[in-house]
Every structure is written in C-alpha cells, then in structure tokens.
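Visitor: build the 3D model from these lines:
(one chain, ligands or ions: 2)
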Amino acid sequence: MSSSAKHLIVIIDLNPFYWSDKVSSSATLNFKQYLKIIIQFCNAYIAFDINHRLTIVGCSNNETCFLYPDPTSESLIIPTVTKTNLFEQLFVIDRIVENNVKEFMQNVLPSQTSTGSMITMAVTQALCYINRLIRDTVPGEKTSYRILIIQTTADTSKQYMNFMNAVFTSEKMNVPIDGCILNNDSSLLQQACDLTSGIYLRVPDPNGLLQYLLWLYLTDKDVRKMLALPTKVAVDYRPACFCHHKLIDTGYVCSVCLSIYCDNAATCTTCRSAFDVNSSSMSTASGANDVSRRQLR
Ligand SMILES: [Zn+2]
Ligand SMILES: [Zn+2]
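Guide: Ligands and ions are numbered 1, 2, ... in the order given. Alright, predicted model coming up:
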C-alpha cells in the first residue's frame, strides 16, 4: 500500500419504501438506475487515483450489510488495486455489489418498509471498521478515511441520540461525513456534515445524481478548496426530545445529564434525578447548545 492511501466508505440507503411509489413514474430515477449510478461513481472513485480504497455498506429498513469488499471472503480484506489489475477490479466491484445487493434485498421485511433506514447502524459499523483498519495499520503507512452517506428516506428522530453519538465519534476520529440526499432536506445529515466538515447536498434533480456525485464527492478536502462548492445553507440544529423523539425548537434540559425533554417532567428518565417542577428557577432552552439549569429537589 502506498504511504498516503485514501479510503472512502459509501453508505447506500436501499430502503425499497422510497422507490415503491416511484415505480409508475418514468420521468424520474428508478431503483435500478440509482444503483447503477452509485456503482458508476464507485468505479470512477477507484479509477481516479491508484491510492483510493473503497468500502460499500448497504442499509434498508431492518438491516445493514457490507456490499464490498465481499463479506463472504475472509475478514473483509480489500483487494489491492495496481496499475495492471485496475480494470479487472472494476469488473469485480460490479459483480460483487450486484450479487450482494440481490441477496440483501431478499432479506428486507416488507411489513416494515414505511419506517426509516438503518443509517445510524451503518455509520456505526463503518466507524468500527475504520477503527479496526487503523489498529491494523503497519507503522509508516498513512490512510485518511471519509464516509459518504447517500440517503433516500426521511429522517427518523428515534435515531437522533445514537446518530449524534456516532457523528461526535466520527469528528473525534477525524473522519469527515459527506451527505447526499434525494428526498427532502435531512436535519440529522446536515448536522453530521457540518460538525465533521463534510459536504451536504440535497440533489435538486435525481436524474443528475451521477454528475453531482462526481462533482462533489470524488475528491477529498484538499482538492475541494479549489472547487466551486454549493453555497452553505443554514443548518437546522434542532435536537430531538428524549421522551417522544420529536424535533423541538424549545425544550427542558436536565442539569445533571443534559437530556432534553419537550415537556416539564418530575424526574429525568435517563439519570433518575428528581426535579422541583414548581420551582420558579426552572427555565427553558432553545437548541442543543443552550443548557438551562433546573432546580434539583
Ligand atoms: Zn418529548
Ligand atoms: Zn438527567
């Protein structure tokens, strides 16, 4: 391996729910074209630089799976790409991803398709995988890591806590998270990209997905300085309350463990602290960064 390898972990949202109501419409992208575009992007990433390494993780409403390198091979070893076997590797990626997606989609539970995707689980798996690769690095080798999330389904605020924990871990590990969403804007993905210095984009026209992917996500942060990037929009930093998992503008914060509640509660369900609900010193907080103090009984 070269002394400065760049490793991209692509997380693909494969939830069939998003595609089910688009079957009748021929004007926009279908699932097959979506998958083809992502494989084309992955091929372009491998062909772009001999030092590029690739991992693909798929997630649906109930499961996540490593699509490449082949999870059936020994402990997810990434095949070495050289100048002589580059094109052979592109063919191998196509074949492995296609077979694994087919197998993966057979395990999707049809009864739960209306729920969001397991993006959090996929990000956590990707971080564990990166951690293992860092641990196994030979002294003298240098590899930088990056995660790209391609999301189609809407956010589920139930994942808020775990997702934000994964994002903070990623920030600590110096792994930028890039986000590309085909649906409506995602508040969680925006926060993840902003906190880890990644690029967030809501694709205005899904038919141009490949162009957007090649423009923004092929390069790492050093090259991005030279690119004309999309203008940054204001990030929606609303947190989700711990009681109903709803995104809130104003809420109550536990002064002991910083858990957030949308309503006035007598005890904190996280740390079991009891509050004086009638105390005049009780105040509210807006946003995750504002911490109000609550009177402990
Ligand atoms: Zn609540
Ligand atoms: Zn608490």
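
Visitor: kindly report the domain assignment for the protein.
Guide: 5-224, 238-297 (automatic domain parsing).

Visitor: hey, which of the ones you listed is tucked in deepest?
Guide: domain 5-224 (a mean of 17; mean count of other C-beta atoms under 10 Å). Quick note: C-beta positions are derived from backbone N, CA and C, even for glycine.

Visitor: end to end on it, go ahead and measure it.
Guide: By C-alpha to C-alpha, to the nearest Å, the extent of domain 5-224 from end to end equals 17 Å.

Visitor: any stretches of the stretch 51-200 of the chain with poor pLDDT?
Guide: Scanning the stretch 51-200 of the chain for pLDDT under 70 picks out the ranges 73-86, 110-115.

Visitor: where do the strands of it begin and end?
Guide: Applying DSSP state E, counting those that start in this stretch to the stretch 51-200 of the chain gives strands spanning 52-59, 64-68, 143-151, 177-181, 200-202.

Visitor: so what pLDDT did residue 48 get?
Guide: Per-residue confidence (pLDDT) for residue 48: 87.

Visitor: hang on, the earlier thing: tell me which of the domains of the chain sits nearest to residue 232.
Guide: domain 5-224 (8.3 Å; C-beta to C-beta).

Visitor: residue contacts, the residue in the stretch 1-150 of the chain that ligand 1 sits nearest to?
Guide: Among the residues of the stretch 1-150 of the chain, residue 116 lies closest to ligand 1, at 18.1 Å counting by C-beta to the ion. Counting by C-beta atoms under 8 Å, 6 or more residues apart in numbering, residue 116 touches 15, 61, 153-156, 158-159.

Visitor: just send the strands of the stretch 51-200 of the chain back as TSV, with distance to residue 7 too.
Guide: Formatted as TSV, those follow (distance: least, C-beta to C-beta, whole Å):
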stretch	distance to residue 7
strand 52-59	4
strand 64-68	12
strand 143-151	5
strand 177-181	13
strand 200-202	21
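
Visitor: format those as TSV; extra columns: distance to ligand 2.
Guide: Output for the strands of the stretch 51-200 of the chain, formatted as TSV (distance: least, C-beta to the ion, whole Å):
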stretch	distance to ligand 2
strand 52-59	31
strand 64-68	31
strand 143-151	30
strand 177-181	28
strand 200-202	31
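
Visitor: nearest to residue 133, of these?
Guide: strand 143-151 (7.0 Å).

Visitor: parallel or antiparallel, list what pairs with that closest one.
Guide: Strand 143-151 has the following sheet partners, assigned by DSSP bridges: strand 5-13 (parallel), strand 177-181 (parallel).

Visitor: quick one: that strand to strand 52-59, angle?
Guide: Between strand 143-151 and strand 52-59, the angle comes out at 30 degrees (axes from the mean of the first three to the mean of the last three C-alpha atoms, to 10 degrees).

Visitor: check the offset of strand 143-151 from the chain's centre.
Guide: 8 Å (C-alpha atoms, centre = their mean, to the nearest Å).

Visitor: now the angle from the longest helix belonging to the chain to strand 5-13?
Guide: In the chain, with assignment by DSSP state H, the single longest helix is helix 86-106. Counting by the same axes, to 10 degrees, helix 86-106 lies at 30 degrees to strand 5-13.

Visitor: counting by contacts, list what helix 86-106 packs against.
Guide: Counting contacts by 3 or more C-beta pairs under 8 Å, 6 or more residues apart in numbering; DSSP states H and E, helix 86-106 is packed against helix 31-48, strand 52-59, strand 64-68.
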